[in-house]
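**Student:** here is a sequence with its predicted model. Questions after.
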Amino acid sequence: MRFVKGHGTENDFVIIPDPEGRLELSPETVAAICDRRTGIGGDGVLRVVPTARCPEVADQAGEAEWFMDYRNADGSLAEMCGNGVRVFARYLVDAGLAAPGEFGVATRAGVRRVRIAAEGDVTVDMGRPRVLGESRTAVDGREYQGLGVSMGNPHLACLIEDPVAGLDLSRPPRFDAAVFPDGVNVELFNLTGDHRVTMRVYERGSGETRSCGTGAVATAVAAARAVGEETGTWAVRVPGGVVTVTLDATTSWLTGPAVLVASGEIPAVL
Ligand SMILES: N[C@@H](CCC[C@H](N)C(=O)O)C(=O)O
C-alpha cells in the first residue's frame, strides 16, 4: 500500500490512494497506521477512492470524482474533516488527479467544493453550520457551557474565561450523550481580539489534535453569536497555526494551508 503524508495546520493525515476501490481498511489497520510510535503516525487516514466505486456516496459522483473516505486515528468513521478535505485536494492536484481551480470532493456529509491554486492556501465551502443548541462539557475537572454545532460532524464549541493554553486535554471531555449520541468534538476557545479567537480541540476518535477545520468553523459560529453577529470573518488560532473562517447567510468558508511532506510504502506488518 502506497501512502502520502500531509497536514493542514499540523492536523496530520496518512493519505492512501485506492484507485480501484478495493482496499478494506479495518479499524485495527487504521489505528496501526496512525500510531505515532509503531506506525506512520497521524490524526486520521484519508482514503482516496473514485466516488462512483463507493455505494455509500455514489449519488455524489456527478459532482465529485473523488471520495474522501475519512477515518479517525482510532479507526472510527467520521462524516467530514475540514483540514482533511484541504489536504485531500492538495494531494489530488499534486498527483495529477485534479487540475488547480475549483472542484468538488465527495464526503459522508455531502459534496464540499474546494478552491485551490498550484500552491498556497486552500479554501473549502464547508456548508451551512447547523446550530444544535446549548450543552455542557467537563474538561480538566471544570464544567463549561458551549454551543452545539453540526458541520456534518458534531461539535461543542465553548467560549471560556480560563486561558485555553493552561488546560489539560489529555483525557476525553465528558458530554451529554442525549444531545450527542454519536459522540462529539469539543472545542474550547478564548476571544483574543477583534474577530480573533484561540482554540484547542479534543477530537472524537483522535484525542487532542493541533487543529480541526470543522471545529474552527463551529468555533467561529459560537464566537460570532457571543458578540451578537451571525456573519463575518474570523481568524482562528490553533496550536498548529491559523485558519480563516468566513460565515455568510448561506454557508461557511474555511481557508488555510495544506502541505504534503512525505510518501512511501506502508509495510505489511501494519
Ligand atoms: N480534524 C477534522 C475533523 C475530523 C473528524 C472528527 N474527529 C470527528 O470524528 O468528527 C477537521 O479538520 O475537521
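**Tutor:** It's in.

**Student:** the helix or strand containing residue 218 and the ligand, are they touching?
**Tutor:** Assessed by DSSP states H and E, residue 218 sits inside helix 213-226. Yes: for helix 213-226, a contact with the ligand is found by Cβ under 6 Å from any ligand atom, at 213-215. Yep, even glycine has a C-beta here, placed from its N, CA and C like the rest.

**Student:** then the next helix or strand after that helix to PDB, C-alphas only?
**Tutor:** Per DSSP H and E, the first helix or strand lying C-terminal to helix 213-226 is strand 232-238. Coordinates of each C-alpha in strand 232-238 appear next as PDB, following Å, rounded to 0.1, in the frame of the first residue of the first chain:
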ATOM      1  CA  GLY A 232     -18.200  37.900   9.200                       C
ATOM      2  CA  THR A 233     -14.600  36.600   9.000                       C
ATOM      3  CA  TRP A 234     -12.700  35.100  12.000                       C
ATOM      4  CA  ALA A 235      -9.100  34.300  12.500                       C
ATOM      5  CA  VAL A 236      -8.900  31.100  14.500                       C
ATOM      6  CA  ARG A 237      -5.500  30.400  16.100                       C
ATOM      7  CA  VAL A 238      -4.900  26.800  16.900                       C
END
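
**Student:** show me what strand 232-238 is packed against.
**Tutor:** Applying 3 or more Cβ pairs under 8 Å, 6 or more residues apart in numbering; DSSP states H and E, we find strand 232-238 packed against strand 196-203, helix 213-226, strand 241-247.

**Student:** deepest in the core, which of the ones you listed is it.
**Tutor:** helix 213-226 (a mean of 27; mean count of other Cβ atoms under 10 Å).

**Student:** what pLDDT, on average, does it get?
**Tutor:** Helix 213-226 shows a mean pLDDT of 98.

**Student:** compute the inter-axis angle for that helix and strand 241-247.
**Tutor:** 60 degrees (axes from the mean of the first three to the mean of the last three Cα atoms, to 10 degrees).

**Student:** now helix 213-226: how far from the chain's centre is it?
**Tutor:** Centroid separation for helix 213-226 versus its chain: 13 Å, with Cα atoms, centre = their mean, to the nearest Å.

**Student:** can you pull out the helices in the stretch 1-150 of the chain?
**Tutor:** Counting by DSSP state H, counting those that start in this stretch, the stretch 1-150 of the chain has helices at residues 27-34, 82-94.

**Student:** any chance of these in a markdown table, plus mean neighbour count, mean pLDDT and distance to the ligand?
**Tutor:** Output for the helices of the stretch 1-150 of the chain, formatted as a markdown table (neighbours: other Cβ atoms under 10 Å; pLDDT from 0 to 100; distance: least, Cβ to the nearest ligand atom, whole Å):
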| stretch | mean neighbour count | mean pLDDT | distance to the ligand |
| --- | --- | --- | --- |
| helix 27-34 | 19 | 98 | 12 |
| helix 82-94 | 27 | 98 | 3 |
